[in-house]
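A.B. asks: Okay, structure incoming, though there's no sequence with it:
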């Protein structure tokens with residue numbers, strides 16, 4: 001039920017774009033219309049107040065000139081005031097200094113007295129002028145001054161805002177028509193734009209559905225908008241990666257099936273030969289059993305590699321961190337692989353710049369170092385060399401394994417860490433490889449919060465550089481800062497070339513063997 005309720009809120013991108021576009025158009029049109037109408041209304045109101053004030057000021061000058069003799073037959077002042085009030089659709093009051101209304105165009109309060117706070121503020125000179133718009137009228141109160149500047153009275157002039165309201169209503173109607181037309185055009189534009197925007201995505205979605213049925217060889221066309229082209233490009237890259245993984249998995253299943261079957265077949269042939277040979281001697285049994293043990297060891301190695309990969313491939317893999325002496329750990333590993341190197345006269349060189357104590361899973365880290373060193377020996381040339389170096393700074397320690405071997409082709413560098421990938425099937429089979437070693441190593445390094453980098457050139461050897469945190473808490477806090485670039489060439493590598501460094505300890509395989517014998521004594 002919960003999923004169904006959540007599903008109700010799922011809408012298409014086109015619908016979202018259409019409604020978003022319409023909302024934005026409405027918002028912009030409404031804001032623009034309100035702004036224009038408000039600005040026009042304010043301008044009209046200010047103009048009405050200014051016009052009313054100008055007329056009141058003109059009348060005030062005339063009233064003072066005639067000394068408030070408004071109804072005199074010798075002038076037309078009263079008629080002028082009445083005409084001005086009529087044309088403005090309002091009312092004019094003339095008040096003398098005693099607050100007596102000497103002229104009222106409505107004749108309601110003629111000869112009456114008025115007590116108004118606004119009138120008093122202007123009469124006393126507290127305010128130079130009063131003006132406002134309320135109750136559909138614009139009202140202005142101005143002082144009537146004598147030539148000496150003394151206030152002789154005030155004039156109150158009002159004007160109707162009906163004309164403003166009419167213009168406002170007409171403007172609102174025009175705005176509504178314009179909004180309607182603009183909204184219609186905007187909706188059509190949004191519909192067309194959204195359709196064009198999602199057309200490429202819909203086409204991609206149809207093709208993706210087809211590809212999801214297992215057609216990994218089909219690619220998306222890289223066309224349309226920039227984002228659509230980038231999406232298609234990245235998707236094609238992912239599909240190519242999946243196709244490569246699927247191909248390598250199939251090859252791996254075939255290879256492992258063959259590898260697992262071959263030792264069993266060999267053991268069966270050896271056992272049947274012993275059973276069928278009634279005259280087999282003790283030496284024959286010993287020779288055959290030795291061959292059977294070799295085949296069992298070969299089978300065990302393949303199975304152990306598979307199990308190791310499964311363990312490191314699990315989510316939330318359990319890491320048993322403890323304080324580990326990295327120098328001693330590398331010493332132990334080198335003593336173990338020295339006999340293998342000596343069989344092919346490969347020189348092992350170990351250079352340690354300082355004692356390194358770090359928090360690590362000793363078993364998994366040992367597996368990583370062993371794998372890198374053994375690969376450097378296996379895929380090397382006779383009479384070659386393998387150089388291992390260890391260095392550290394305040395946050396990380398660095399392990400570098402370089403060899404003079406066959407190298408890795410340029411097109412294989414991005415794939416050597418993939419599971420089941422082998423640069424050369426024949427070469428891996430000769431050396432007993434299964435294509436899992438580097439995948440296991442990288443998984444273990446990632447579990448430590450570290451990184452691994454590869455430098456190689458076909459025919460000129462290979463260098464693997466590993467960077468790992470000294471303290472796991474520090475690695476967790478700065479995990480986002482761990483980049484792919486570990487030890488740049490010319491950094492710690494240059495230090496390895498400085499033979500006179502006081503902190504460097506150079507140990508060849510021969511010295512490592514001597515150290516082992518000394519410890520045993």
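C.D. replies: Nice, thanks for sending it over. For clarity, every value in this text was computed on a predicted model and none was experimentally measured.

A.B. asks: Model confidence at residue 350, what's the number?
C.D. replies: Confidence at residue 350, expressed as pLDDT, is 93.

A.B. asks: Got the phi and psi for it?
C.D. replies: Backbone torsions for residue 350, taken as degrees, to the nearest 10, come to phi -120, psi 120.

A.B. asks: That one and residue 78, how far apart?
C.D. replies: Separation of residue 350 from residue 78 (C-beta to C-beta, to the nearest Å) stands at 120 Å. Backbone N, C-alpha and C define where each C-beta goes, glycine included.

A.B. asks: Now do the longest helix along the chain: which elements does it pack against?
C.D. replies: Among the elements of type helix in the chain, defined by DSSP state H, the one spanning the most residues is helix 13-65. Secondary-structure packing of helix 13-65 (3 or more C-beta pairs under 8 Å, 6 or more residues apart in numbering; DSSP states H and E): helix 77-88, strand 92-96, strand 130-134, strand 137-145, strand 151-160, helix 162-212.

A.B. asks: okay, the angle between the first one and helix 13-65?
C.D. replies: To tie it back to what came earlier, the one meant is helix 77-88. Counting by axes from the mean of the first three to the mean of the last three C-alpha atoms, to 10 degrees, helix 77-88 lies at 170 degrees to helix 13-65.

A.B. asks: Which elements pack onto the helix or strand where residue 241 lies?
C.D. replies: Secondary structure from DSSP states H and E places residue 241 in helix 226-276. When contacts are defined as 3+ C-beta pairs under 8 Å, 6+ apart, helix 226-276 sits against helix 162-212, helix 282-313, helix 425-431.

A.B. asks: Now tabulate those in CSV and tack on distance to residue 109 and mean pLDDT.
C.D. replies: Shown next, in CSV, are these (distance: least, C-beta to C-beta, whole Å; pLDDT from 0 to 100):
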stretch, distance to residue 109, mean pLDDT
helix 162-212, 23, 82
helix 282-313, 100, 75
helix 425-431, 115, 51
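
A.B. asks: Including mean neighbour count, could the ones you listed go into TSV?
C.D. replies: Conversion of the helices and strands packed on helix 226-276 to TSV gives the following (neighbours: other C-beta atoms under 10 Å):
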stretch	mean neighbour count
helix 162-212	14
helix 282-313	14
helix 425-431	13
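
A.B. asks: May I see the ones you listed arranged in JSON lines, with distance to residue 152 as well?
C.D. replies: JSON lines is the format used below for the helices and strands packed on helix 226-276 (distance: least, C-beta to C-beta, whole Å):
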{"stretch": "helix 162-212", "distance to residue 152": "32"}
{"stretch": "helix 282-313", "distance to residue 152": "103"}
{"stretch": "helix 425-431", "distance to residue 152": "116"}
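
A.B. asks: Residue 335: which of the ones you listed is closest?
C.D. replies: Using C-beta to C-beta as the measure, helix 282-313 is the one of the helices and strands packed on helix 226-276 that comes nearest residue 335, at 20.2 Å.

A.B. asks: moving C-terminal of that closest one, what's the next helix or strand?
C.D. replies: Downstream of helix 282-313, the first helix or strand assigned by DSSP H and E is strand 322-325.

A.B. asks: coming back round to it: the helices and strands packed on helix 13-65 into CSV, with extra columns for distance to residue 280?
C.D. replies: Output for the helices and strands packed on helix 13-65, formatted as CSV (distance: least, C-beta to C-beta, whole Å):
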stretch, distance to residue 280
helix 77-88, 135
strand 92-96, 141
strand 130-134, 124
strand 137-145, 128
strand 151-160, 131
helix 162-212, 60
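
A.B. asks: just so I know, which of these lies nearest residue 223?
C.D. replies: Shortest separation from residue 223 across the helices and strands packed on helix 13-65 is recorded for helix 162-212, at 7.3 Å, computed as C-beta to C-beta.

A.B. asks: can you state the direction angle for that closest one and helix 226-276?
C.D. replies: Using the same axes, to 10 degrees, helix 162-212 lies at 20 degrees relative to helix 226-276.

A.B. asks: And the strand or helix carrying residue 387, what does it pack against?
C.D. replies: In the assignment (DSSP H and E), residue 387 maps to strand 385-392. Helices and strands in packing contact with strand 385-392 are listed as helix 326-343, strand 347-352, helix 362-378, strand 396-403, helix 492-496; criterion 3+ C-beta pairs under 8 Å, 6+ apart.

A.B. asks: quick one: residue 184 and residue 83, what's the gap?
C.D. replies: Using C-beta to C-beta, which is the criterion applied here, residue 184 is 49 Å from residue 83.
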